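Here is a sequence together with a model predicted from it:
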Amino acid sequence: SGATTSDVISSQLSALNSSTSLISITIGGNDVGFASVMETCVLGSDKDCVNAVDQAENEASSTLPGALHTLFSDMRSRAPAAHVVVLGYPEFYDLSKSSTCVGLSTTKRTALDGGADVLDNVVQSAAGARSGQWGAVLRSATPASTAPSAVTIRSPSNTPPSGSASTRRRAVLAAGVWRS
């Protein structure tokens, strides 16, 4: 939607209430300027791209954790029984299978993939910090180059999905969510 964490808090969380049973969210990329980083990487030099990604990674590591903590706390207070699925960001480029990409050098693609990894780790850590309150945190072990990552948080009153871990991951990746 192009929303930052503060946008979600101010204009989207009002839709949640005590009867909300499922929340799915991808968050963080807009907080660190994803669109402008991509624009810089497509239109600028390798150095400009790496600098833009570095700046976004610094923002993700320093500012984003607090914003995510506030967002997740507000979500929980508005929808205390909801299952929450926090979807991560994929690496955009499979560097082992692509030697060229029009407009993006290997240096740029490597920087962008690294930035996505940093963002994913920050989001996963923030969601994982809630696991004591919300229940288990499960993360897809599927390589980011082949599927999106997912951090799934369930309410402590519910049991985890049945089946093997790989079956549960496929369910999350195929449907975006799973039901306990």
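Looks like it arrived, so ask away.

so what secondary structure elements neighbour the lengthiest helix in the chain?
Under DSSP state H, the helix in the chain containing the largest number of residues is helix 106-129. Applying 3 or more CB pairs under 8 Å, 6 or more residues apart in numbering; DSSP states H and E, one finds that helix 106-129 contacts helix 34-43, helix 46-62, helix 64-78, strand 83-87, strand 137-139, strand 150-153. C-beta: built from backbone N, CA, C; applies to glycine.

Would you tell me which of those gets closest to Ala111?
helix 46-62 (4.3 Å; CB to CB).

ok, Glu59 - contacts?
31-33 (CB atoms under 8 Å, 6 or more residues apart in numbering).

got those as CSV, with neighbour count, distance to Tyr93 and pLDDT columns?
Below are these laid out as CSV (neighbours: other CB atoms under 10 Å; distance: CB to CB, whole Å; pLDDT from 0 to 100):
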residue, neighbour count, distance to Tyr93, pLDDT
Asp31, 23, 22, 96
Val32, 23, 18, 96
Gly33, 17, 19, 95
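
What's the local residue count around Asn58?
Per other CB atoms under 10 Å, the neighbour tally for Asn58 reads 12.

Now distance to Ile25 and mean pLDDT too, for the helices and strands packed on helix 106-129, in TSV please.
Shown next, in TSV, are these (distance: least, CB to CB, whole Å; pLDDT from 0 to 100):
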stretch	distance to Ile25	mean pLDDT
helix 34-43	15	94
helix 46-62	16	97
helix 64-78	8	93
strand 83-87	6	82
strand 137-139	14	40
strand 150-153	10	44
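
leaving aside the residues next to it on the chain, what's closest to Asp48?
Computed as CB to CB, 6 or more residues apart in numbering, the closest residue to Asp48 that is not its neighbour in sequence is Thr40, at 5.4 Å.

show me what contacts that neighbour?
48-49, 52.

For stretch 36-56, output the C-alpha coordinates as CSV.
In CSV, the C-alpha atoms belonging to stretch 36-56 read as follows (Å, rounded to 0.1, in the frame of the first residue of the first chain):
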residue,chain,number,x,y,z
SER,A,36,13.8,5.8,-3.7
VAL,A,37,16.6,3.1,-3.1
MET,A,38,15.3,1.2,-6.2
GLU,A,39,15.2,4.4,-8.2
THR,A,40,18.8,5.3,-7.2
CYS,A,41,20.0,1.8,-8.0
VAL,A,42,18.3,1.7,-11.4
LEU,A,43,19.3,5.3,-12.5
GLY,A,44,22.5,5.9,-10.5
SER,A,45,26.0,4.5,-10.4
ASP,A,46,27.1,1.4,-8.5
LYS,A,47,28.5,3.7,-5.8
ASP,A,48,25.2,5.7,-5.5
CYS,A,49,23.3,2.4,-5.2
VAL,A,50,25.5,0.9,-2.6
ASN,A,51,25.3,4.2,-0.6
ALA,A,52,21.5,4.3,-0.8
VAL,A,53,21.3,0.7,0.3
ASP,A,54,23.8,1.3,3.2
GLN,A,55,21.7,4.3,4.3
ALA,A,56,18.5,2.2,4.2
